[in-house]
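Trainee: After the sequence you'll find the predicted model.
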Amino acid sequence: MDRRHKKKSTFMVEVQFQQHNTWQGTIHWLDGKKTQHFRSSLEMMKLMEDALNSEEEPELEPSK
């Protein structure tokens with residue numbers, strides 16, 4: 001992605017557990033008003049990347 005056209009977004013990460021040397025918790029995409037649980041730090045970063053790269057709505061569930 002061209003650095004001049006980087007997309008920006010705001011996430012709130014709620015780490016609930018730390019097991020197997022990684023985090024488990026919930027990520028809240030504030031701009032898209034969506035929430036998704038994650039089972040690892042890598043999965044959390046993938047959800048963020050998908051939200052930023054997706055031209056459509058990312059694969060996050062609506063907030064409750």
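Mentor: Cool, the structure landed.
Trainee: how much space is there between the most centrally placed residue in the chain and residue 18?
Mentor: Computing the C-alpha centroid of the chain and ranking residues by C-alpha atoms, centre = their mean puts residue 48 first, at 3.4 Å. Distance of residue 48 to residue 18, given as C-beta to C-beta, to the nearest Å: 19 Å. Glycine gets a C-beta too; all of them are placed from N, C-alpha and C.
Trainee: Kindly report the same for residue 30.
Mentor: As judged by C-beta to C-beta, residue 30 and residue 18 stand 23 Å apart.
Trainee: Please apply the same query to residue 26.
Mentor: 14 Å.
Trainee: between these two, which one's more packed in?
Mentor: Between residue 26 and residue 18, counted using other C-beta atoms under 10 Å, residue 26 has the larger neighbour count: 14 against 11.
Trainee: can you count the residues close to residue 32?
Mentor: By other C-beta under 10 Å, the residues close to residue 32 number 17.
Trainee: Local confidence estimate at it?
Mentor: pLDDT recorded at residue 32 is 82.
Trainee: Likewise for residue 52?
Mentor: At residue 52, pLDDT is 86.
Trainee: so which strand or helix has it?
Mentor: In this structure, residue 52 sits in helix 41-53 according to DSSP states H and E.
Trainee: what is the mean pLDDT for stretch 36-46?
Mentor: Stretch 36-46 comes out at a mean pLDDT of 96.
Trainee: mind checking the end-to-end distance for it?
Mentor: Stretch 36-46 has an end-to-end distance of 12 Å (C-alpha to C-alpha, to the nearest Å).
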